[in-house]
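Novice: The amino acid sequence is not available; the structure is as follows:
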């Protein structure tokens, strides 16, 4: 799937090349020059659609006439076709020069400077048309994760004010994929303008902004070699720190996902350059959940029903038929695709997540052969 925006930009680039390569096919010089300027204006409109149309037109007009005066002494306020007086070759040379200058000086706006929040999903190399359902699912997961951090209560329903404060608007979802490259999805978000006024709603919006800031803080920390102590200084309350880490882990792309990474930035969190969420951050984030807790030893045998090599987790259904258990792999334990559907013997340590649910970390993992299975 190629977005309409990309299609239009490609059309303008192609039409511009035809116009300047064979100007005689497009009419007299004045007609060629006006068509050129019209293409430049449309190109600017696509890239800077949020700018007022009159402002865009005045900027182009002033830039063009200024360029001509600097390029051709004595040009005054004349259009180029009136200056070259029939020299179509010279005209196209000058028009090409202006096109290059204009493109360099009016580069595409940085979406992370233009919106409160931006999610940019980067997909695997073989994905050129990401499913809409996947984009929608990640957006909903993102909202839930932010609510999970911002809400004052760990159990029960999220306060209505927090739900309202996470009702982000999505002005223009952009899907781009060109020349066979992997798809990218730009999901710009604007914080809601709360219709009602009052302390609860203002407090909820402040809580959401704090949650976003903490999410970025812990994700940045996870991408460095800093120890857990640095994160303790950044988010001193243990329960809060664990909760942020847990929700950050929910947002990491997994091996099964078509998405390889998610970039987060925007004005609301003062991130004009995005921060990347990748599967490789999972193990570091898990150390935040483990920090300061007394581990409980566990041991189980069962069949591996889920395997995520990037995140470093497996799902094992115990032999007693109980519910599948998610196990997180610590350093030193090797995972490989051959483990899927194998019976294994696993030992490790169990901790509690922010909701008091067990969080299992593998310390040893052995495949059981037939003789061990039968005994």
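Specialist: Cool, got the structure. Keep in mind the model is a prediction, meaning the values are calculated, not measured.

Novice: show me where the stretch 1-150 of the chain has strands.
Specialist: Taking DSSP state E, counting those that start in this stretch as the criterion, the stretch 1-150 of the chain contains strands spanning 117-123.

Novice: which stretches of it aren't confidently modelled?
Specialist: Under the criterion pLDDT under 70, the flagged ranges of the stretch 1-150 of the chain are 1-3, 6, 50, 107-109.

Novice: Outside of stretch 327-344 itself, which residues are in contact with it?
Specialist: Applying CB atoms under 8 Å, 6 or more residues apart in numbering, the external contacts of stretch 327-344 come out as 282-283, 286, 301-305, 307, 309, 312-316, 319, 346, 348, 359-368, 372-373. Heads up, the C-betas are built off the backbone N, CA and C, glycines and all.

Novice: wait, what's in contact with the residue most central in space within the chain?
Specialist: Nearest to the mean C-alpha position of the chain, by CA atoms, centre = their mean, lies residue 120 at 2.4 Å. By CB under 8 Å, 6+ apart, the contact list for residue 120 reads 111, 184, 185, 186, 187, 262, 263, 265, 274.

Novice: Would you tell me which one of those comes nearest to residue 104?
Specialist: residue 111 (19.3 Å; CB to CB).

Novice: Just give me the neighbour total for the nearest residue to the closest one once chain neighbours are set aside.
Specialist: Among residues not flanking residue 111 along the chain, residue 118 sits closest, at 5.0 Å (CB to CB, 6 or more residues apart in numbering). Close neighbours of residue 118, defined as other CB atoms under 10 Å, add up to 24.

Novice: And residue 118, how far from residue 162?
Specialist: 21 Å (CB to CB, to the nearest Å).

Novice: ditto for residue 39
Specialist: Separation of residue 39 from residue 162 (CB to CB): 48 Å.

Novice: name the element residue 245 belongs to?
Specialist: Counting by DSSP states H and E, the element that carries residue 245 is helix 238-250.

Novice: contacting residues around the residue nearest to residue 32 when sequence neighbours are not counted?
Specialist: Nearest residue to residue 32 in three dimensions, chain neighbours excluded: residue 23, at 4.5 Å (CB to CB, 6+ apart). By CB under 8 Å, 6+ apart, residue 23 lies in contact with 29, 32, 88, 91, 92.

Novice: Which residues are in contact with the fourth one?
Specialist: By CB under 8 Å, 6+ apart, the residues touching residue 91 are 23, 29, 32, 33, 80, 81, 84.

Novice: how close does the nearest residue to it once chain neighbours are set aside get to residue 23?
Specialist: Using CB to CB, 6+ apart and skipping the chain neighbours, the partner closest in space to residue 91 is residue 84 (4.6 Å). Between residue 84 and residue 23 the computed distance is 11 Å (CB to CB).

Novice: Find residues that contact each of the two.
Specialist: Counting by CB under 8 Å, 6+ apart, the residues touching both residue 84 and residue 23 are 29, 91.
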